[in-house]
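Engineer: build me a model:
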Amino acid sequence: MHHLFIAFIVFCCVFASAVLGLWLHAMLPGHHLSEDSIGVVKLTTGLIATIAALVLGLLISSAKNSLDTMNAELVRAAASIVQLDRVLAKYGPETQEIREALKQHVGASIQILSSGDPAQVARLGNTATLRRVEGLQHKLEELSPHNAMQRQLQASAIGIADEVLAVRRLALLQSVGALPMALLVMLVVWLSIIFGAFGMFGPFNVTVVAAFFLGAVSTSGAIFLILEMNTPLDGLITVSLEPMRDAFAMLGK
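Structural biologist: Below you'll find the predicted structure:
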């Protein structure tokens, strides 16, 4: 919800700047609205608009890459978890306890991720949770293989478990938004200047006000998408947990 609040603030700043420009248009002396003055302001506004468009495009692209990376890591983790379970099943009945613990851990992780609560998601990276995951690795290392095939399966299981833990840590790092607040503030300032300049040299009528309203909605919507995609584990725009749920359904069989 805080992303919606930030987007609303952006909308208010941008739209208020446009309305302020319309008010200044009526208050400024005539010589401030000459063709030469308008030409200079248009050139300056065009420069700022170009910079803002480039930064906005880069931010959207970066946020989309963050969302795609998180989705790919979840798919990779789901595949590795199923592979680990199958390797343990091939090892023999000695691994039944490890397989049950693995399924319980995956089920708990899915519940936390599907909650959409940042405080709950943060629990996946706390010390207690990491110790439980590392405990599964220790149990794998404590297995006593009786033949060459079991030794090979044990080594494979330990390698897969290390990969799952590495993917988990990467996913937790990706879940934290990386958008610098100073850059966001500067972008809002640029957009406010642009809309203020548009309002300063535009006529005051319903059509113009409606256009400014839609423009403010569009820009604040873009900011909202950037913020949402930068936090892919919570909010309105999140990664799909279907691969993890499919993997959970296959565990223990």
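Engineer: for the protein, what helix or strand is lowest in average pLDDT?
Structural biologist: Lowest mean confidence among the helices and strands of the chain (mean pLDDT, DSSP states H and E): helix 118-122, at a mean of 67.
Engineer: now the helix or strand following that one, how far from the centre of its chain.
Structural biologist: With elements assigned by DSSP states H and E, the helix or strand that comes after helix 118-122 is helix 127-141. Computed by CA atoms, centre = their mean, to the nearest Å, the chain-centroid distance of helix 127-141 equals 28 Å.
Engineer: stretch 94-109 now?
Structural biologist: Averaging C-alpha positions (CA atoms, centre = their mean) puts stretch 94-109 29 Å from its chain's average.
Engineer: kindly report the same for stretch 51-60.
Structural biologist: Taking CA atoms, centre = their mean, one finds stretch 51-60 lying 17 Å from the centre of the chain it belongs to.
Engineer: go on, stretch 201-213?
Structural biologist: That offset, for stretch 201-213, works out to 34 Å (CA atoms, centre = their mean).
Engineer: I would like the residues contacting it, please.
Structural biologist: 15, 18-19, 21-22, 25-26, 33, 38, 41-42, 195, 198-199 (CB atoms under 8 Å, 6 or more residues apart in numbering). In this view, the C-beta of every residue, glycine as well, is placed from N, C-alpha and C.
Engineer: next, the buried residues of that stretch.
Structural biologist: Residues 201-202, 209, 212 are the ones in stretch 201-213 that count as buried (16 or more other CB atoms under 10 Å).
Engineer: which of those residues fall within helices?
Structural biologist: Per DSSP state H, helices hold the following members of the buried residues of stretch 201-213: 209, 212.
Engineer: picking that back up, just the buried ones from the contacts of stretch 201-213, in ChimeraX syntax?
Structural biologist: Filtering the contacts of stretch 201-213 down to the buried ones (16+ other CB under 10 Å) takes a single ChimeraX command:
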select :15,18,19,21,22,25,41,195,198,199
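Engineer: output the contacts of stretch 201-213 as CSV; include the columns distance to Ala7.
Structural biologist: Shown next, in CSV, are those (distance: CB to CB, whole Å):
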residue, distance to Ala7
Phe15, 12
Ala18, 17
Val19, 18
Gly21, 21
Leu22, 23
His25, 27
Ala26, 30
Leu33, 33
Ile38, 31
Val41, 28
Lys42, 28
Phe195, 16
Phe198, 20
Gly199, 21
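Engineer: flag the shaky bits of the stretch 151-253 of the chain, pLDDT-wise.
Structural biologist: Along the stretch 151-253 of the chain, the model assigns pLDDT under 70 to residues 166-178.
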